[in-house]
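> coords please:
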Amino acid sequence: MKNSYSWLGLSSYLFGLFIFLAFAAISCNSNMSDLPPSDKDNGGLILPGGFEALVVIDSIGGGSVIAQKVSQLSKSAIYKPPPEIKGAPKSTQLSRPNNQPAGNYVGARHLAINDNGDIYVKLRTPTTDGFGNAALRDVNGDGKADTVKIWGKYENRNRGTAMKIHNGYLYYSSELAVYRSKLKPGQLVPDSEMETVIIDDPVYHEHQAKALSFDGKGHMFVSWGIGTNSCQTENRRPGSPGLNPCPDMVDHGGIWMFDENKLNQKQSDGTRYATGMRSIVGMAWDDDTESLYAVHHGRDDFRLLWPEFYSPWKSAMLPADELFKVDKGLDGGFPYYYYDQMLGKKILSPEYGGDGKKEGAGAKLVKPLIGFPGHFAPNDILFYKGNQFPSRYKEGAFIAMHGSTNRVPYPQVGYVVLFVPMKNGLVTGPWEVFADGFAGVDTIAIANDAKYRPMGLAEGPDGSLFIGDTQLGKIWRVMYKGDKSAFGAKQLAALEKRKNTRSYLKTPNEMEDNLDRKGKPVHAALAYNIYCRACHQADGSGDGNRYPPLARSEWVNSDKTVLINIVLNGMTGPIQVKGQPYNDTMPAHASFLTDKEISGILTYVRSNFGNKAGPVTEVEVATARKNLSKK
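Here you go, the predicted model:
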């Protein structure tokens, strides 16, 4: 009897141990049974082994961007209307950013996920009635958004960026301000008063996205981009030297630190934390290393501005986009230096005496943690803190690569989410492709060839990774459902192969991957490709954000004298094209294009891309140039 009881006790103990280990195994795999079903095709994404995905929403929705938006913006207290341009066409037709279907034009910038799973989205473009945010909720637990609310009316154009949840507040930014709204438990759309935290001077310019981050010690970090490509005397004009010192760097081109608890602060109320960075769209504070990190967009147009020093291939590859560990006082080097990831050195910019080889005092500058190939466009960064993914992903950073627009004549690159392995704030290996499949094609000749462009990253309360897209406002949820203990090189192999074979990821062959060599254009088209295609794209469609379309444009098809003068003199926005505002700088071309070349390019543009306007003669260009010289 005694042995019988002992056996029963042992059996009960073993059964209990089995149950404990079973639950432990489930727990170690982050309650996979609680995760919603994945889409059969993973929403079109290509992921490492064991990862799956579902589409939260195919498109946020919105409505067309039309001339009405301009009148709405004009009611803003800090909005300054664009100056009248003599002879400028009247924009009254319906319009939409390129490559987006009827009924949706807003897209998604940065994302934030609340503790209950609610998703908040900063819209790429505000709706026609002026709303800049979206809120999404999954009601039935299938991972799909059942409720979508568009909300938040404030000063906003098409480069608003940030969306962060911090200390019970939802923070979001436009080009000129940082706002916050108090969140209430269970309430999807905040009904609290919208508070203004930061106010910028009301002058719109390029690189004006305001990324945000918090250190958990009462400080908020805000990026302050500079409205120039390389601080030339004449912005984006070939051969124009750099201003030394660059005057705009006094209050731009860096990161400022503010008190997160004060409202209505101006830049002067903050402290300059870092400098020497042209455009920062993604920032993140990492609690493990107690440090700020930022991804930096390098400058453009080496070939166009300095053809004596840079081949088309070098201009496509350089300069690097950079990942910085941002200690207080960091100087990234811009505009005087740039990082060459192939040489592993800071190189003197040609505007300041460089020739693509001279280092100057670049060795004294802090190098980035890693330099990515030129123009990948890193637009968000996330340090993973959850337990759902394999443990290796808790040591490193996810980075969303929005994709290039100006790598001609080579294929555009980026359009993926990368992972950079790190330990103790240092990079420990080469970057990896984590999520691919956004582009939908292998060769991306122009940006609009890509079906989707990843932008925002956010971690859900269960450790899922959410990825947003700027083209259609599509959002994916990436989950791990494999064996975490077995995750390794085998699961990474397929994406490593893609990194080395896909034209939008690999280093292009200087001869074989030159798209112009595969179909030599006629002279006028060649001149367009050299001087215009990087911004306005090969099909004249623009990029739907920074660079306006030429295709069926009222500017192209109206008064040719206005068009000639724009090419000769250049133009700084804001302007309106096909109902959408644009605010980048077009350089003056008078100093480096002949009358014959301008005549040929404009005639080519006015007779292509769906345009049906008359030719521009060499005499007409010469007359406009002569009138220009009299002023």
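> List the buried residues in stretch 240-255.
240, 242-243, 246, 249, 252-255 (16 or more other C-beta atoms under 10 Å). Backbone N, C-alpha and C define where each C-beta goes, glycine included.
> helix, strand or coil for the nearest residue to Asp287 once chain neighbours are set aside?
Leaving aside its chain neighbours, Asp287 sits nearest to Gly216 (6.7 Å; criterion: C-beta to C-beta, 6 or more residues apart in numbering). Following DSSP: H, G, I helix; E, B strand; the rest coil, Gly216 is assigned to coil.
> With Glu155 instead?
Applying three-state DSSP: Glu155 is coil.
> Helices along this protein, start to end?
Remark: helices assigned in the chain by DSSP state H are 2-28, 68-73, 302-305, 312-317, 489-501, 523-531, 533-536, 554-557, 560-569, 595-606, 618-630.
> What count of nearby residues applies to the residue lying closest to Ser38 once chain neighbours are set aside?
Setting aside the residues directly before and after it, Ser38 is nearest to Glu52 in space (C-beta to C-beta, 6+ apart), at 3.6 Å. Per other C-beta atoms under 10 Å, the neighbour tally for Glu52 reads 19.
> thinking again about what came up before, where among the helices of the chain is the average confidence lowest?
Mean pLDDT is lowest for helix 68-73 among the helices of the chain, at a mean of 36.
> the domain parsing of this protein - what is it?
156-463+480-501, 519-630 (automatic domain parsing).
> which intervals of this structure have sub-threshold pLDDT?
Scanning the chain for pLDDT under 70 picks out 1-33, 61-105, 518-523, 526, 631.
> before we move on, back to that, will you turn the domains of the chain into CSV that also has distance to Asn116?
Shown next, in CSV, are those (distance: least, C-beta to C-beta, whole Å):
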stretch, distance to Asn116
domain 156-463+480-501, 7
domain 519-630, 32
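> out of those, which comes closest to Leu472?
domain 156-463+480-501 (6.8 Å; C-beta to C-beta).
> Show the contacting residues for Pro238.
Neighbouring residues of Pro238 by C-beta atoms under 8 Å, 6 or more residues apart in numbering: 304-307, 587, 591-592.
> Would you mind measuring from the spatially most central residue of the chain to Ile150?
Nearest to the geometric centre of the chain sits Asn379, at 3.7 Å (C-alpha atoms, centre = their mean). The spacing between Asn379 and Ile150, counted by C-beta to C-beta, to the nearest Å, is 22 Å.
> re the thing from before, separate out the buried members of the contacts of Pro238.
Buried among these (16+ other C-beta under 10 Å): 304-306, 587.
> which among those gets closest to Arg498?
For these, the nearest to Arg498 is Leu304 (30.8 Å; C-beta to C-beta).
> Verify the stated contact: that closest one with Arg533.
No: the criterion here is C-beta atoms under 8 Å, and Leu304 misses it with Arg533 at 10.3 Å.
> quick one, phi/psi of Gly544?
phi 70, psi 10 (degrees, to the nearest 10).
> Of the buried ones among the contacts of Pro238, which is the nearest to Glu155?
Pro587 (28.2 Å).
> Who are the contact partners of the nearest residue to the closest one once chain neighbours are set aside?
What sits nearest to Pro587 in space, not counting adjacent residues and going by C-beta to C-beta, 6+ apart, is Arg236, at 3.4 Å. By C-beta under 8 Å, 6+ apart, Arg236 lies in contact with 229, 301, 304-305, 570, 585-587.
> Arg236 and Asp584: what is the separation?
9 Å.
> burial count for Pro574?
18.
> got it, and the one 3 residues further on?
By the other C-beta under 10 Å criterion, the neighbourhood of Val577 contains 20 residues.
> Okay, and the beta partners of it?
Note on Val577: beta-bridge partners by DSSP bridges are Gln580.
> My understanding was that Leu123 contacts His110; is that so?
No: using C-beta under 8 Å, Leu123 is not in contact with His110, being 10.2 Å away.
> Run a quick check on Tyr179 versus Ile199, I expect a contact.
No: counting by C-beta under 8 Å, Tyr179 stays clear of Ile199, with 10.1 Å between them.
> Comparing these two, which residue is more hemmed in?
More neighbours surround Tyr179 than the other of Tyr179 and Ile199, with 23 against 17 (other C-beta under 10 Å).
> Specify the beta-bridge partners of that one.
Under the criterion used here (DSSP bridges), Tyr179 is bridged to Tyr172, Thr196.
> contacting residues around it?
152, 154, 171-173, 194-197.
> would you turn the residues you listed into JSON lines with neighbour count and distance to Asp146?
Listed next are these as JSON lines, based on neighbours: other C-beta atoms under 10 Å; distance: C-beta to C-beta, whole Å:
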{"residue": "Gly152", "neighbour count": "25", "distance to Asp146": "20"}
{"residue": "Tyr154", "neighbour count": "19", "distance to Asp146": "26"}
{"residue": "Tyr171", "neighbour count": "25", "distance to Asp146": "25"}
{"residue": "Tyr172", "neighbour count": "30", "distance to Asp146": "23"}
{"residue": "Ser173", "neighbour count": "31", "distance to Asp146": "28"}
{"residue": "Met194", "neighbour count": "15", "distance to Asp146": "26"}
{"residue": "Glu195", "neighbour count": "14", "distance to Asp146": "29"}
{"residue": "Thr196", "neighbour count": "14", "distance to Asp146": "32"}
{"residue": "Val197", "neighbour count": "22", "distance to Asp146": "32"}
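> now, the most widely separated pair of these?
Counting by C-beta to C-beta, the most remote pair of those is Gly152 and Val197, 14.2 Å apart.
> Count the neighbours of Ala439 for me.
25.
> got a list of what it touches?
403, 415, 449-452, 504 are the contacts of Ala439 under C-beta under 8 Å, 6+ apart.
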